[in-house]
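1. sequence first, then the predicted structure:
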Amino acid sequence: MNETAARIKAAAQRMQGVIIEVDGDESLSIDARALDGITDEGLFDLEGEHAANLISEARAYVLIVDNEVTFEDALSSAVEGYLSNYRETTVAQAIDLAFWDAFKVDGSHMATIGAIEARSCVGEAVVTLLNDVQRICVRPTADGGGMEPDMIGVFKAGAYRQARVWYFG
C-alpha cells in the first residue's frame, strides 16, 4: 500500500462514528457529533461548490491510489480536512508532548500555554516554533547520529522561554 493510501485509511479510521451522506454531486451531509472538539452542533449540510469539491477530491484520491481505498474512505479523509476548520485544538494537542514534556506539568506556565487555542495568534506562533525546533533537534546529523542531548536541552529551553514571552509578555 502506498503512503497516500495509508494516510487515507488512517483518516478513515479516525473518522469512525462520523456519518457522511452524499446526495448527488453537489450535496453532502456530515454528522460529526461523535468527534471531540467540534464547534457548533457538529452537523454540517454542504451544498454546491463546497460539497462538489469534497466529492471530487475523494474521487481523485481513489484514482490516484489505483483503487487501493474505497470512495467512502477517501471521502472520510477529505471531510476530516474540512472539519479541521471547525475543530478546537489546543497548543498541547498540536505538539508532540513526548518531546515537549514541560507541557505535562499541571499548574505550570507551560501547561497554561498548552491550554490556549492553537489557532490563536500566540498559539499559532508557539506551535510553529515548537514544531520547527523539534524537527531541528531530531534531524539526523551528517555522521548518522543525532543532536547531543545537552544541545537539545538548550534548544528546548530557548523555545520554552520564547513561548512564555509571547504568552505572558
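-> Now that the structure is in, tell me what you want to look at.

2. which ones are touching L43?
-> Counting by C-beta atoms under 8 Å, 6 or more residues apart in numbering, L43 touches S29, I30, D31, A32, R33. C-beta here means a position set from N, CA and C on the backbone, and glycine is covered the same way.

3. from those, pick the one nearest A60.
-> I30 (19.2 Å; C-beta to C-beta).

4. what's the span of stretch 138-157 from first residue to last?
-> Distance between the two ends of stretch 138-157: 15 Å, counting by C-alpha to C-alpha, to the nearest Å.

5. picking that back up, return the subset of the contacts of L43 lying in strands.
-> Counting by DSSP state E, the contacts of L43 place S29, I30, D31 in strands.

6. sec struct for the residue nearest to the first one when sequence neighbours are not counted, please.
-> The shortest distance from S29 to any residue that is not its chain neighbour, by C-beta to C-beta, 6 or more residues apart in numbering, is 4.5 Å, and that residue is E21. Here E21 is strand, with the state taken from DSSP: H, G, I helix; E, B strand; the rest coil.

7. what does the one 3 residues further on give?
-> Three-state assignment for G24 (three-state DSSP): coil.

8. quick check: S27 vs E117, distance?
-> 31 Å (C-beta to C-beta, to the nearest Å).

9. what residue in this protein is the furthest from its centre?
-> The C-alpha centroid of the chain is most remote from D143, which lies 32.1 Å away (C-alpha atoms, centre = their mean).

10. is it fair to say it lies in a helix?
-> No. Judged by three-state DSSP, D143 forms no part of a helix; its state is coil.

11. pretty sure L46 is touching D23, no?
-> No. Using C-beta atoms under 8 Å, L46 is not in contact with D23; the gap is 10.2 Å.

12. between the contacts of L43, which sits nearest A94?
-> Using C-beta to C-beta, A32 is the member of those that lies nearest A94, at 19.1 Å.
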